[in-house]
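S.K.: attaching a predicted model along with its sequence, questions to come.
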Amino acid sequence: MIEQETIAGVPVTEAQIAVWADEAEAGYDAQVLKKRGRGRPGRGAKPSQVVALRLTVDEIAALDTRAEREGKSRSEVIRDALAST
C-alpha cells in the first residue's frame, strides 16, 4: 500500500500535481519568487548567524522572567543586553 503524500496534513492530489507541473513548465518570474520571502525575516543587510550559548538553569529562569515581563523572546532580550553595553 502506497501512503498518500500530504502537505500540512492535507492530501496532495494528482490534480494539484498537474497544476504545479503546468506552472513549472510555463516558467517562474524570479523577481516574484524573491519577493515571497521564506523563513524568518532578515535582521539587517547581511545574513545573521546562530550562536550557541550555555546558560545555567538560574540564568535561563532569569532570562525567561525578563522576556515574559517585557513581552519579548529570549533572543530579543539577549540582543538588547548586548546593544546596551
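M.R.: Noted; the coordinates are in hand.

S.K.: now do Ile78 against Val51, distance only.
M.R.: As for Ile78, its distance to Val51 is 9 Å (criterion: Cβ to Cβ, to the nearest Å). Any C-beta I mention is one placed from the backbone N, CA and C, and that applies to glycine too.

S.K.: so which of these two has more stuff around it?
M.R.: Set Ile78 next to Val51 and count neighbours by other Cβ atoms under 10 Å: Ile78 wins out with 17 against 7.

S.K.: tell me the SS of that one?
M.R.: At Ile78 the chain is in helix, as set by DSSP: H, G, I helix; E, B strand; the rest coil.

S.K.: return the residues in contact with it.
M.R.: Taking Cβ atoms under 8 Å, 6 or more residues apart in numbering as the criterion, Ile78 is in contact with Leu53, Leu63.

S.K.: report the separation between it and Ala67.
M.R.: Taking Cβ to Cβ, one finds Ile78 at 9 Å from Ala67.

S.K.: the helix or strand Ile17 falls within: what's the following helix or strand?
M.R.: Taking DSSP states H and E as the definition, Ile17 sits inside helix 14-26. Using DSSP H and E, the next helix or strand after helix 14-26 towards the C-terminus is helix 30-36.

S.K.: show residues contacting the helix or strand that that next one is followed by.
M.R.: Downstream of helix 30-36, the next assigned helix or strand under DSSP H and E is helix 57-70. Helix 57-70 is contacted by residues Leu55, Lys72, Ser73, Arg74, Glu76, Val77, Ile78 when judged by Cβ under 8 Å, 6+ apart.
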